[in-house]
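In: sequence below, structure please.
(chains A, B, C and D)
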2 protein chains.
Amino acid sequence: MSTMVDVAKRANVSIATVSRVLNGQSRVKPELAARVMEAVRDLRYEPNFTAQNLRRNVSGTLAILTPNITNPYYANIIAGIAQAAQENGYSSFLFNTEGKRELEEQILERLTKHQADGAILLAAELGSDWIYDYAREYPVVQCSEFDPRFPIPRVCVDNYKATQDVMEYLISLGHTRIGTISIENRFYSTATRLRGYRDALAAANLPAEEDYIRYATQGYTFKMGFKLARSLLAQEKRPTALFCISDMLALGAIAGAKEMGFRVPEDVTVVGFDDVEYTTMFHPYVTTVVQPCYQIGHTAVELMRGLVQRQQVPQEVILPHRLMVRESSAPYDGLLVNFASRVTGC
Amino acid sequence: MSTMVDVAKRANVSIATVSRVLNGQSRVKPELAARVMEAVRDLRYEPNFTAQNLRRNVSGTLAILTPNITNPYYANIIAGIAQAAQENGYSSFLFNTEGKRELEEQILERLTKHQADGAILLAAELGSDWIYDYAREYPVVQCSEFDPRFPIPRVCVDNYKATQDVMEYLISLGHTRIGTISIENRFYSTATRLRGYRDALAAANLPAEEDYIRYATQGYTFKMGFKLARSLLAQEKRPTALFCISDMLALGAIAGAKEMGFRVPEDVTVVGFDDVEYTTMFHPYVTTVVQPCYQIGHTAVELMRGLVQRQQVPQEVILPHRLMVRESSAPYDGLLVNFASRVTGC
DNA sequence: CTTGTTTCGGTAATCGTTTACTCCACTATA
DNA sequence: TATAGTGGAGTAAACGATTACCGAAACAAG
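Out: Modelled structure (predicted):
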């Protein structure tokens, strides 16, 4: 491995000149520059990133913290981040934290150790005050999840509005018994969507029964959606529409409803959230809220870049969502088909 | 940000002593060590990774090259890699190369620039001679895809044997008209599975019609499986079983077959490959070859570690696969239901 | 008391860059 | 001709760690 010293010797110039030629900061006589470039080629010289970083006091690297890359929603956001990072000349460290605080903190320490210039968090939980300790000193941006109490730049969709859109749509279809499959976690999006659900019900003077709400206990998984939909639909006065806070839950809910003998959407309407690829694989295609995942990731990197360059960046970027009506939702036909009558075949 | 010099001053020792205390290489009087540790705590000293790396001439970082994180198969392998990397004290750079050579090469250059100690490739194509140029000089390991001509350590399953298992199973079910959905790419696994398919047919004296083979032109996607299954099944003498070289293709194939009015598995048997989560979401659950994705990733990191430490490592690690029989396969009932008779309702 | 051995800690070189400073040669002006 | 001004290149000091080398102190043996 050759270094600048080797190049300098071969080109018969000083290392300062080599550096100048390579970085093009100040002018160098064309003749010398040519000699340097030739030496660089001959020796296959490649600058040592580590040395550059030490000197420049940057790392050119972003740390990405994700609870789980296997989740397609996160995978899509990460794809956006990775792409944008590459475009901006950053590398990106990927860390699976599985939501474990000790791991998250261990990774944020890379900031203090100068191993990363900044961190993008995909799943900041409510009440994670300790994150703010890092954010005060180092560039941190939050993607889709955040705690509104902390002034850490974030990019997300308007979860409240999106939920209102869903609820308005369901109500406009004539549904009056609307259930929701939420989740047991400390995400702001979860709380916001649940609040949106309750507020919409209240605004429309519809009954807000606690028994129309279920909480996934083991993540946004197909299995959970399956199980909870069955529990919701097993009630005497079952809901006729289900608002699921993630597509995976919705997919599971549809399967669960079908397994019980219900038709979707004729007997039960199911709506999801996120718009992952799988929503349009199996019929009924899932009516859902489209989140611009890729763009969320992209924007996060842009904020990051601003932060690193110590520019003023917006505290919050809200990207547009869209209610995508597909096949899993239909007007309420007025006949409240209950569980018993369906399974006995009407 | 405080440095070793600050710590040394505060503890009234030399920086060499600070370093010694922190790294515990040679012995230091307990009293001094205590003073140093106290100063470290007081100043919240954190070693500068970049400086350490420059001096030690390592980066503690692995580069992971993947064509697409959004693909659940790759996502699972990456999860294994990320986990194992963390356990071994490595960070991992993630790069989406989308199979583009210029991007891949740009990233392998990080090796020469000392930004990564080694690279793990998830999708080395056949004939990528240039990869070998890097592998000769730096630690490189290949995950699931590789070119057998190059002696670069790799971890994979036995694709040929796995295909034989699938084919034997299908033949044992009584199928004689077996089609395959392959793909247009330069992966060794693709070639091997196709060879396994052809060899098995020949060994059983079954007709190997070129019209029973289709090639996905746009990746391992649901849409491709959907389209190609329809094309395969539209033939007069349609195949009664379809071997798809990825689960996504199989999922699409099942949907395509259903759309045409075929029942799976009664009218058409479909088998996949990989065993991603989605195979057990919708009925029929997909019969498939289970690849130990997570373990593949894990093993790759272990090989990597050996390589970095200049130990002898095995040239090839073959992990066990398993044929998982589920709902999408059934014995051939002897009645060759053709397309026309099915769609007209028998 | 001298000499040899061992232990411990400090000094300074080093890793490979970037860049502030300095210096030199050359041109322009009076 | 003397002086100031300018562009271009070299010298050396960083950046923050690790570590080879050396010297001082402590102790034991003769």
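
In: can I get stretch A:70-84 as PDB, trimmed to CA atoms?
Out: The C-alpha coordinates for stretch A:70-84 follow below in PDB (Å, rounded to 0.1, in the frame of the first residue of the first chain):
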ATOM      1  CA  THR A  70     -36.700  -7.900   8.500                       C
ATOM      2  CA  ASN A  71     -39.800  -5.700   8.800                       C
ATOM      3  CA  PRO A  72     -40.600  -4.600   5.200                       C
ATOM      4  CA  TYR A  73     -41.600  -1.100   6.400                       C
ATOM      5  CA  TYR A  74     -38.200  -0.500   8.000                       C
ATOM      6  CA  ALA A  75     -36.500  -2.200   5.100                       C
ATOM      7  CA  ASN A  76     -38.100   0.300   2.700                       C
ATOM      8  CA  ILE A  77     -37.100   3.300   4.800                       C
ATOM      9  CA  ILE A  78     -33.600   1.900   5.100                       C
ATOM     10  CA  ALA A  79     -33.400   1.500   1.400                       C
ATOM     11  CA  GLY A  80     -34.100   5.200   1.100                       C
ATOM     12  CA  ILE A  81     -31.600   6.200   3.700                       C
ATOM     13  CA  ALA A  82     -28.900   4.000   2.100                       C
ATOM     14  CA  GLN A  83     -29.500   5.400  -1.300                       C
ATOM     15  CA  ALA A  84     -29.500   9.000  -0.200                       C
END
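
In: hmm, it in reach of chain B?
Out: Yes: contact of stretch A:70-84 with chain B (C-beta under 8 Å from any C-beta of the partner chain) involves A:Thr70, A:Pro72, A:Ala75, A:Asn76, A:Ile78, A:Ala79, A:Ala82, A:Gln83. C-beta here means a position set from N, CA and C on the backbone, and glycine is covered the same way.

In: and those residues, which is closest to DNA strand D?
Out: Closest to DNA strand D out of the residues of stretch A:70-84 next to chain B is A:Ala82 (28.7 Å), distances taken as C-beta to the nearest atom of the strand.

In: quickly list what the nearest residue to that closest one once chain neighbours are set aside is bridged to.
Out: In space, not counting the residues next to it along the chain, A:Ala82 is nearest to B:Asn96; the distance is 4.8 Å by C-beta to C-beta, 6 or more residues apart in numbering or on different chains. Beta-bridge partners for B:Asn96, by DSSP bridges, are B:Thr66.

In: for B:Asn96, give its distance to A:Arg27.
Out: Note on B:Asn96: its distance to A:Arg27, by C-beta to C-beta, to the nearest Å, is 38 Å.

In: my read is A:Thr288 is in a strand, agree?
Out: Yes: assessed by DSSP: H, G, I helix; E, B strand; the rest coil, A:Thr288 belongs to a strand.

In: low-confidence regions, chain A specifically.
Out: Residue ranges of chain A with pLDDT under 70: A:334-346.

In: around DNA strand C, which positions in it sit nearby?
Out: For chain A, the contact set with DNA strand C under C-beta under 7 Å from any atom of the strand comprises A:1, A:3-5, A:15-16, A:19-20, A:22-23, A:25, A:45-48, A:51-52, A:54-56.

In: how long is stretch A:229-246 end to end?
Out: End-to-end distance for stretch A:229-246: 13 Å, by C-alpha to C-alpha, to the nearest Å.

In: still on that earlier bit, quick check: the residue nearest to A:Ala82 touching A:Ala84?
Out: No: at 10.8 Å, B:Asn96 does not count as touching A:Ala84 under the criterion of C-beta atoms under 8 Å.

In: which one's more surrounded, B:Asn96 and A:Arg27?
Out: B:Asn96 (25 against 9; other C-beta atoms under 10 Å in any protein chain shown).

In: OK, contacts around that one?
Out: By C-beta atoms under 8 Å, 6 or more residues apart in numbering or on different chains, B:Asn96 lies in contact with A:Ala79, A:Ala82, A:Gln83, A:Gln86, B:Thr66, B:Pro67, B:Asn68, B:Ile69.

In: on that earlier part again, in helices only, show me the residues of stretch A:70-84 next to chain B.
Out: A:Pro72, A:Ala75, A:Asn76, A:Ile78, A:Ala79, A:Ala82, A:Gln83 (DSSP state H).

In: nearest to B:His114, of these?
Out: If you rank these by distance to B:His114 using C-beta to C-beta, A:Ala82 comes first, at 21.7 Å.

In: give me the neighbour count for the closest one.
Out: For A:Ala82, the neighbour count with other C-beta under 10 Å is 26.

In: could you measure from it over to A:Glu104?
Out: The span separating A:Ala82 from A:Glu104 equals 20 Å under the rule C-beta to C-beta.

In: re the thing from before, distance to DNA strand D added to the contacts of B:Asn96, as a markdown table?
Out: Converted to a markdown table, these look like this (distance: C-beta to the nearest atom of the strand, whole Å):
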| residue | distance to DNA strand D |
| --- | --- |
| A:Ala79 | 34 |
| A:Ala82 | 29 |
| A:Gln83 | 31 |
| A:Gln86 | 26 |
| B:Thr66 | 32 |
| B:Pro67 | 37 |
| B:Asn68 | 38 |
| B:Ile69 | 34 |
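
In: return the members of those classed as buried.
Out: Among those, those buried by neighbour count (16 or more other C-beta atoms under 10 Å in any protein chain shown) are A:Ala79, A:Ala82, A:Gln83, A:Gln86, B:Thr66, B:Pro67, B:Asn68, B:Ile69.

In: quick one: what helix or strand has A:Ser182 in it?
Out: If you go by DSSP states H and E, A:Ser182 is part of strand A:178-183.

In: which SSE is immediately downstream of that strand?
Out: For strand A:178-183, the succeeding helix or strand toward the C-terminus, using DSSP H and E, is helix A:188-203.

In: so how far is that following helix from its chain's centroid?
Out: Relative to the chain's own centre, helix A:188-203 is displaced by 20 Å; criterion: C-alpha atoms, centre = their mean, to the nearest Å.

In: list the contacts of A:Asp6.
Out: The contact partners of A:Asp6, by C-beta under 8 Å, 6+ apart, come to A:Ala39, A:Leu43, A:Tyr45.

In: go again using 10 Å as the cut-off
Out: A:Asp6 makes contact with A:Ile15, A:Val18, A:Ala39, A:Val40, A:Asp42, A:Leu43, A:Tyr45, according to C-beta atoms under 10 Å, 6 or more residues apart in numbering or on different chains.

In: how about it, secondary structure?
Out: Using three-state DSSP, the structure places A:Asp6 in helix.

In: single out the residue in the stretch 51-200 of chain A that lies closest to DNA strand D.
Out: Residue nearest to DNA strand D within the stretch 51-200 of chain A: A:Arg55 (3.7 Å; C-beta to the nearest atom of the strand).

In: helix or strand: which one has that residue?
Out: For A:Arg55, the host element (DSSP H and E) is helix A:49-56.

In: ok, now A:Leu251?
Out: Judged by DSSP H and E, A:Leu251 forms part of helix A:247-259.

In: I appreciate the help and will end here.
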